[in-house]
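Colleague: can you look at this prediction? I've put the sequence above it.
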Amino acid sequence: KAGVTQTPRYLIKTRGQQVTLSCSPISGHRSVSWYQQTPGQGLQFLFEYFSETQRNKGNFPGRFSGRQFSNSRSEMNVSTLELGDSALYLCASSRGQVTGELFFGEGSRLTVL
Amino acid sequence: QQQVKQSPQSLIVQKGGIPIINCAYENTAFDYFPWYQQFPGKGPALLIAIRPDVSEKKEGRFTISFNKSAKQFSLHIMDSQPGDSATYFCAALKGNNAGNMLTFGGGTRLMVKP
């Protein structure tokens, strides 16, 4: 069974640009969550989608957005990039029940110059 | 507001030692406490988890101890091996059936020396 796939793995952007990250969950998983990981702030929850609906949202500005498609694949978008947005963005999928058992991808490492 | 506090930030032990990582939480609405292990360049992977109605859970060389009254829980790694060198995160989930939103501790970087 394939794991969670995230693309792209690495990307470099400049301030003010926008970026879209993609996540394909494990087959059959209906919940997709996004986390930001930085050395200073650790792992911080961005948002969770279940059946194309945002179920939870973390404490991030509106520049961070996401969506989920009918096949459970998800994308997150960050607009008007800031230097502080440089981070590893992790996607995690779950069967959809409230289990806390998340399966993480290897992440997309974003560098903002 | 850091709802899950983890210590120490880093830990070095000799092979065969028993590293202990501690976490404390504030919100009594949390009712599921998983531990994740992360190797460099990889995403976190679920290691072991516990609910507050259980005081201890063992899976292989990994043991979670849970103290509900103190709102603390810890991870013990028995007979630690160099391959256990990784960053460990404790986490907590609220039991309001609102989803899989985990609150993570700050992480502990473990090095097991051969």
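Modeller: Arrived safely, thanks for sending.
Colleague: so which helix or strand of chain A has the lowest pLDDT on average?
Modeller: strand A:53-57 (a mean of 90; mean pLDDT, DSSP states H and E).
Colleague: burial measure for residue 55, as a count.
Modeller: No chain was given, so I picked chain A. When neighbours are defined as other CB atoms under 10 Å in any protein chain shown, A:Arg55 has 19 of them. Using the backbone N, CA and C atoms, a C-beta is placed for each residue, glycine as well.
Colleague: chain B was what I was after
Modeller: Close neighbours of B:Ser55, defined as other CB under 10 Å, add up to 12.
Colleague: so for it, what's the pLDDT?
Modeller: As predicted, B:Ser55 sits at a pLDDT of 94.
Colleague: who's in contact with the residue positioned nearest the centre of chain A?
Modeller: Nearest to the geometric centre of chain A sits A:Trp34, at 3.2 Å (CA atoms, centre = their mean). The contact partners of A:Trp34, by CB atoms under 8 Å, 6 or more residues apart in numbering or on different chains, come to A:Cys23, A:Phe45, A:Leu46, A:Phe47, A:Glu48, A:Gly66, A:Ser74, A:Met76, A:Tyr89, A:Leu90, A:Cys91, A:Ala92.
Colleague: apply 7 Å and report the result again.
Modeller: When contacts are counted by CB atoms under 7 Å, 6 or more residues apart in numbering or on different chains, A:Trp34 touches A:Leu46, A:Phe47, A:Gly66, A:Met76, A:Tyr89, A:Cys91.
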